[in-house]
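Peer 1: Show me the folded form of this:
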Amino acid sequence: MAELSKGLEVVAEFPQGLRIERLVTSGLFELDGGSWEVDNNVWLVGNDEEVVVIDPAHDAEAILAAVGDRELLMVVATHGHNDHVNAAVEVAAEKEAEIGLHPKDSMLWAEEYGADLRWDVDLADQGAITVADLDLTILHTPGHSPGAVCLHAADIDVVFTGDTLFKGGPGATGRKYSDFDLILRSIRRKLLPLAPETRVLTGHGDETTIGAEAPDYDEWVARGH
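Peer 2: Below is the predicted model:
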């Protein structure tokens, strides 16, 4: 399938020029011998001078165009599935930026890039990435994959959840390296304690809030029993 981009939009603006932008790209998610067409949210967080890219999917050219002449501080993958990292190396190389990934997803990274090419920065629970004076705190949220993380911007009540939490429930856990009970535990311990008004900016699809999703947690638990 041809890889496509669907435009760049500003989803939030804050004082001192800080803004969050979303680029939707399309391509293939490949795992366990299967292949699926998917639309991905690529998130850019920063200002006119510097930016972080979260989940560089499918279309390096479109992502680089969205970055423009800004300094790219880091390319961050919320997890190692190919549809969240398959543009990472090209984007990072072009802008001389580092790539961040949790090391527990090394086997997924290797499926895309091989064992000899490694990312640069090991993401760690409660570590932080700073861009435009905003701290993005790393929350290790295994379940969708062993190294899945979310990025919490407490100062602006935003969390980037990758494929851990979506509008309507947790991310998929039906493929290798995933665990339904573990993703529920991660959501309960790391995400539901966040402020109810926290915007949940997801790896695919529409955004939601912590307050909108929390009441359905018991229903999600029941799905697995």
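Peer 1: Quick check: Leu18 touching Ala132?
Peer 2: Yes - at 4.9 Å, Leu18 counts as touching Ala132 under the criterion of C-beta atoms under 8 Å. All C-beta atoms are positioned from the backbone trio N, CA, C, and that covers glycine.
Peer 1: Need the overlap of contacts for these two.
Peer 2: Residues touching both Leu18 and Ala132 by C-beta atoms under 8 Å, 6 or more residues apart in numbering: 45-47.
Peer 1: With neighbour count, distance to Thr164 and secondary structure as added columns, please give those in JSON lines.
Peer 2: Listed next are those as JSON lines, based on neighbours: other C-beta atoms under 10 Å; distance: C-beta to C-beta, whole Å; DSSP: H, G, I helix; E, B strand; the rest coil:
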{"residue": "Val45", "neighbour count": "27", "distance to Thr164": "18", "secondary structure": "strand"}
{"residue": "Gly46", "neighbour count": "22", "distance to Thr164": "23", "secondary structure": "strand"}
{"residue": "Asn47", "neighbour count": "16", "distance to Thr164": "27", "secondary structure": "coil"}
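Peer 1: Under the pLDDT cut-off, which ranges of the protein? List them.
Peer 2: Across the chain, the ranges flagged by pLDDT under 70 are 1-6, 224-225.
Peer 1: before we move on, back to that, out of the shared contacts of Leu18 and Ala132, who's nearest Phe29?
Peer 2: Closest approach between the shared contacts of Leu18 and Ala132 and Phe29, by C-beta to C-beta: Val45, at 23.4 Å.
Peer 1: Near the closest residue to the closest one other than its chain neighbours, how many other residues are there?
Peer 2: Excluding the flanking residues, the one nearest Val45 by C-beta to C-beta, 6 or more residues apart in numbering is Val52, at 5.0 Å. By other C-beta atoms under 10 Å, 24 other residues sit near Val52.
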